Structures are given as structure tokens and as C-alpha cells.
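> Based on what follows, work out the 3D shape:
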Amino acid sequence: MTDNPHNWNSRSLTHGWQRGVNAFFWGLGFKPADFDKAQIGIGTPLLDGNICNVHAHELAQLIKQGCADAGLIGFPFGVSPVSDNITQGNIGGAASLCSRNLMANGAEMICSSHMYDALIGLHHCDKNGPAFAMALARLNYPGLIVNGGSIMPGCHKGQPTTIYDVYDSAAKANQGTMSYEESEEIIRTACPGPGGCGIAASFNTMGIALEAMGLSLPDTSSMPAIEAGKREECLRVGQAVRKLLEMNLRPRDIITKAALTNAMTAIAAIGGSTNGVLHMLAIAREADVDFTLRDVQAVCRRTPVLCNFAPRGKGTMVDLHRLGGTTMLLKHIMQTGLLDGSCITVTGQTLAENLASAPAVPFPNDLIAPTAAPFKEFADIQVCFGNLAPEGIVFKVSSMDEPRFRGKAICFHDSKSVSDAAAAGRIQPGHIVVIRGCGPVALGMPEMHVASAALAVPELYGKVALISDTRVSGVSSGAVGVHCSPEAAVGGPIAAVQNGDEIEFDLLAGTIQVNADLDARPRTIRPVTHDFGYLADFAATVTQAHLGCVPRWVTERNSVLA
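Alright, predicted model coming up:
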């Protein structure tokens, strides 16, 4: 047996006491030298029914080839992804966040049981990257996350279109401000091929954040899915993983509080998705790093908005790629002094070293603002605490000029009811739409983008707010407060809000208040039942949003280890 530290884990199988397992390796075509090579799990979110993931198998095979070229053996394996778009507004939306935890468990299970030496995770859709980051933090096996690439824009009447235009046009048609025919044409042409949603929605929010955190190789988040460069990237991944094995550089060496702060700063600066907050908290819990909503609040207060990605503006990741790529953007953010360049990354170099050769932002352009003249002095994402949300609520407000809002509650239990009420004119300027009973325990915390889209029409945009104990898509715009914790199903104060209650929030003060004695109102906690096994399992183990909705055992393990 050769003393090869690269196969630090798999050697327990290939050279272990139970020699019978080697029959399968011989059957896989192993040569004698292969028994001393490191084995690499390649987590692949297989879902041919989703354009974000349709090329995942192709990229996994290229990564496998790159591993072979680097003297490693790559084994692609499947996990259970869910399309956040196809399930949007339907019962399947309850599977979205559940799929993140399920994919993390699946990656952990395969890599630990098969004793792989490293994990490579493919990020193709919203929850894929966060799931693999959680698995890497949990296992602490060497590894990294590969970005599957963004979709190209569509085209309507000579103008580029994105998934944001899809939901915007559907809402306008529903409310009579656009013809059905025109909205149908936008829907048919906005998503022309493979790749994750091209705007600053959850997929690209996490792609940029994972680079800023140091878990992805430089510029991989901005390379479009259909570009030849994406295939070349995948072939180089094996060499990067070999270097991680040689250095024995582990995820928990990379996922520090400073690295999480870098990632959250990048999310805030690009005008990213509120889902990114949930995932940062989850990754922190898995890595046992003390990074909380209070830390998120501090980051978002001090970070200006430097990008004009949709849904805030019109920009896409393809625009960023053509302008100079993610390293160019992160270097620009670092020049504000808000990124810690000393953090180690999966290249084996620091973030500052990764960004040193990146080009400067070419000004003027429509996507990135100079640091001296940001699009906004503070982030669109802000965190508030108060009698409605003792453990916190996460706001994303790009439609309001003032950081304060006061309005009257109008309460619902699902997004379709909000859409119908808006179409019927029952939601008026000055309303705060409250959706409750859809949190992680109650319903798996689905996205309520159909509701937020219904409130983004001209007569309501910036004049109403949405508050919920569930999530909204990164495609959402307007004034939304989500992840209200604790949720209604576990007796959170949001359950006691009534129609007509006055609610006020101040984003920069970090406060949210219902002007009523919520404690004096009865809150009956009804037993929660679920029709689907995956949802029942998720609800039985999940923590609340301020803890990232990780399984309870993660936080319990951390408290025991402390």
C-alpha cells in the first residue's frame, strides 16, 4: 500500500479489512494504481425537467474527466433538486426549501458512507449551492462548489427579457394593464435555454456570495451556461481539488465569520435575494460559526447598493460577464473597504490574491455604480426586530424612497388570495399585506412571489408592503418583509395580527411594531399535519428562520460541542 495522503478517507475501503468491497471497484474498471487514488464525489442536481439543471449531467462528466486528468477518480452522484420556478405558487413550492436540506443530507450521506476524499457540488438552481455548502461545512471534507452558469436573456420587441419580466407581465395581464397576448409572448421567449435565472435572484445571489466566501473558483459565477468557457472551467476543477487535498485545506478553514461577512456584504452590494440571508445563516450553523441576524443587520446597514441587477434594475449576469466578471465586481466592492481580503479561499490563495489581477470596472456603465456614487447608501436588504418579530424579520425594499413605512394590516394565508384581492382592487395604497401560516413548520416555507408580483403593479408599487413568515423569490421587487420569526404555526406574534392593525417599520432603526397588544390576544396552536412525507420530515426537524431553517440536531450538536 502506497502512503498517499490524497486518499486519506477512501483508503479505508480500498485498503481496508473488508477486501470484498474491492470486487465492485474492479467491476468499475479499476487498474491496480487506481486503488491509491483519491475518490471525489461530484454532487449533481439532476433534473432534466428544469432548464437551470438540464446540463448538470454534461458538466458533471467534464468535471469527472478533469479529475482523471489530475490523477483523481471522480464519481458523479445525484441529489434531489426542485425547480423554484416550475413549483412557484403551486403545492410543489413547499418542496423548495425542503430540497436544500434534503440535498445537503444526500451529499453528506453519499460522501461519508462511500468514504470519498473530497466533495464537488454543482450549483445550478437556487438551493443547489447552499445545500452543497451546508454539506461541505458539515462533513469538513476538502471540496468546492462549481457554478452551472446563468441563462442568456430572452428578447421581446427588441428588448432583453428575464424571468422577472415573466412574472411582471403575468401580474399586469391579471390586473388588466397588459394584454394576455403580449404577456404570453414574453412568457414564451424570456427563457431561451440552459442556465440559472439570469438576474440577482437566489441562484446568482448565491453564486456571487460563494465566490466572495471563498468556496467557488474565481469568475465561475459570471460565466454563462452556454459558453465554451464554462466547459473549460469544469475541466480545470480536478486540479483545484487536487491542490486542496495537497494542502489539506478544509471548508471550516474557509467558512469563517470574516468569510461569511464577505459573502453577506456581496449579497447586500449587488441588491441580492433575501434567500441569501437564510442560506448564510444555515451555512454558519453547519460550520458552527457565530454569525447571526444581528451580524446581517450590521452588514446591511453599512453596505451601499453598487449594482443595478434586475429586479432592482435591468442588469443580468451576462452583462456582468461581458463587463469583466465577478472578480472585477468583488474587487470593486473590496475597494470600499468592506471586504476582508485576507480570507483564504479554495484556490489556496486569499481573496485579495484572487482579485489582484481582476480588471477595473469600466465607467460609465449601466450595471455597476462608482463607490463614491452608489445606487443607494444602504442595502435594500435590512433586518428588523420588534413585537411582530422578536427573533427578526428580513426586509428587501427597493421600491421605497424612505426607510420607514406605516400601514394597515390586511391578512391572508396564501399567495393566490393576495393576487385575487389585488386584481379585485381590495388591496389599496397604505395597506400592509400579511401572509402567515406558511412558515417552515407550517408549510415548508414556500416562496410567495405570485403575491409580491401582484403588488408590484404601478398603482401599488412602493405604496404597499408585504410581511410574511415565509419567503419570496429573489425575482420579487417592491417592499417585502419575510422570514418573520417565530412563525405563526409555533405561536409567533404574527398569528395574532388582525385586519386593520397599524404596523410600522423603520429599516435603519431596525424596528417593527404592531400598535396593538398582541400578547393579550389568543393564539391557538393547532397540530400541523402534512400530506407529503418529505414535508412532514422537514417540519418535524426544522429550526426557525433566524437559525437558517437547519435541522434542529445541527444547533443541538453545536451546543453540545461548545
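
> Alpha carbons of stretch 103-112, in CSV - could you do that?
Extracted C-alpha coordinates of stretch 103-112, given in CSV (Å, rounded to 0.1, in the frame of the first residue of the first chain):
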residue,chain,number,x,y,z
MET,A,103,-29.7,17.7,-0.9
ALA,A,104,-27.3,18.5,2.0
ASN,A,105,-28.3,15.3,3.7
GLY,A,106,-27.9,13.3,0.4
ALA,A,107,-24.4,14.7,-0.2
GLU,A,108,-23.4,14.0,3.3
MET,A,109,-24.8,10.5,3.1
ILE,A,110,-23.1,9.6,-0.1
CYS,A,111,-19.7,11.1,0.6
SER,A,112,-19.5,9.8,4.2
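
> which outside residues touch that stretch?
41, 43, 45, 77, 79-81, 116, 119, 121, 127-128, 131-132, 134-135, 138-139, 141, 286 (Cβ atoms under 8 Å, 6 or more residues apart in numbering). For glycine as for every other residue, the C-beta is placed from the backbone atoms N, C-alpha and C.

> Now, those that are in helices?
Secondary structure defined by DSSP state H assigns Asn128, Ala131, Phe132, Met134, Ala135, Arg138, Leu139, Glu286 of the contacts of stretch 103-112 to helices.

> I figured the third one was touching His123, is that so?
Yes: look at Phe132 against His123 with Cβ atoms under 8 Å: they come within range, at 6.9 Å.

> neighbour-wise, which of these two wins?
His123 (31 against 28; other Cβ atoms under 10 Å).

> Quick check, the more buried one in contact with Met206.
Yes: applying Cβ under 8 Å, one finds His123 in contact with Met206, separated by 6.7 Å.

> what's the overlap in contacts for these two?
With Cβ under 8 Å, 6+ apart, His123 and Met206 have common neighbours Gly129.

> mean confidence score for the strand or helix carrying Tyr164?
Taking DSSP states H and E as the criterion, Tyr164 maps to helix 163-174. When pLDDT is averaged over helix 163-174, the result is 88.

> now do stretch 70-88
Stretch 70-88 comes out at a mean pLDDT of 95.

> which helices and strands does the helix holding Tyr164 pack with?
helix 180-189, helix 415-423, helix 449-454 (3 or more Cβ pairs under 8 Å, 6 or more residues apart in numbering; DSSP states H and E).

> for the stretch 351-500 of the chain, which spans come out with low pLDDT?
The stretch 351-500 of the chain contains residues with pLDDT under 70 at 399, 475-477.

> same thing with the stretch 1-150 of the chain?
1-4.

> And the helices in it?
11-14, 22-27, 56-69, 95-113, 128-139 (DSSP state H, counting those that start in this stretch).

> Look up how far Gly276 lies from Ser342.
Ser342 is 23 Å from Gly276, where distance means Cβ to Cβ, to the nearest Å.

> Tell me which of those two has more neighbours.
Ranked by neighbour count (other Cβ under 10 Å), Ser342 and Gly276 place Gly276 first, with 29 against 10.

> what about the more buried one, which helix or strand?
Here Gly276, judged by DSSP H and E, is contained in helix 275-287.

> what is the mean pLDDT for that helix?
Mean predicted lDDT for helix 275-287 stands at 98.

> Which other helices and strands does the next helix or strand after it contact?
Note on helix 275-287: by DSSP H and E, the next helix or strand toward the C-terminus is helix 293-302. Helix 293-302 is packed against helix 257-269, helix 275-287, strand 381-386, strand 392-397, with contacts defined by 3+ Cβ pairs under 8 Å, 6+ apart.

> of all these, which lies closest to Ala479?
Ala479 lies closest to strand 392-397 among the helices and strands packed on helix 293-302, at 4.5 Å (Cβ to Cβ).

> biggest strand in the chain by residues?
strand 404-412 (DSSP state E).

> What is the neighbour count of Met264?
28.

> Test my guess that it contacts His279.
No: if you go by Cβ under 8 Å, Met264 and His279 don't touch, sitting 10.1 Å apart.

> Now do the shared contacts for these two.
Ala209.

> returning to that earlier point: could you dump the helices and strands packed on helix 163-174 into TSV with mean neighbour count and distance to Ala358 added?
Output for the helices and strands packed on helix 163-174, formatted as TSV (neighbours: other Cβ atoms under 10 Å; distance: least, Cβ to Cβ, whole Å):
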stretch	mean neighbour count	distance to Ala358
helix 180-189	15	34
helix 415-423	20	40
helix 449-454	28	33
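
> what's the angle between whichever strand or helix holds Arg557 and helix 95-113?
Using DSSP H and E, the element containing Arg557 is helix 552-561. Helix 552-561 runs at 50 degrees relative to helix 95-113, counting by axes from the mean of the first three to the mean of the last three Cα atoms, to 10 degrees.

> send the alpha carbons of helix 552-561 over as CSV?
This file holds the C-alpha atoms of helix 552-561, laid out as CSV (Å, rounded to 0.1, in the frame of the first residue of the first chain):
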residue,chain,number,x,y,z
ARG,A,552,-32.6,21.0,15.0
TRP,A,553,-29.8,18.5,15.5
VAL,A,554,-27.3,20.9,14.0
THR,A,555,-27.9,23.5,16.6
GLU,A,556,-28.1,20.9,19.3
ARG,A,557,-24.8,19.4,18.2
ASN,A,558,-23.2,22.8,18.3
SER,A,559,-24.4,23.4,21.8
VAL,A,560,-23.0,20.1,23.0
LEU,A,561,-19.7,20.6,21.4
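
> list the buried ones in that helix?
Buried residues in helix 552-561, defined by neighbour count with 16 or more other Cβ atoms under 10 Å: Val554, Thr555, Asn558.

> Repeat that for stretch 61-77.
Buried residues in stretch 61-77, counted by 16+ other Cβ under 10 Å: 62-64, 66-67, 70-77.

> what's the helix or strand for Ile208?
Counting by DSSP H and E, Ile208 is found in helix 202-213.
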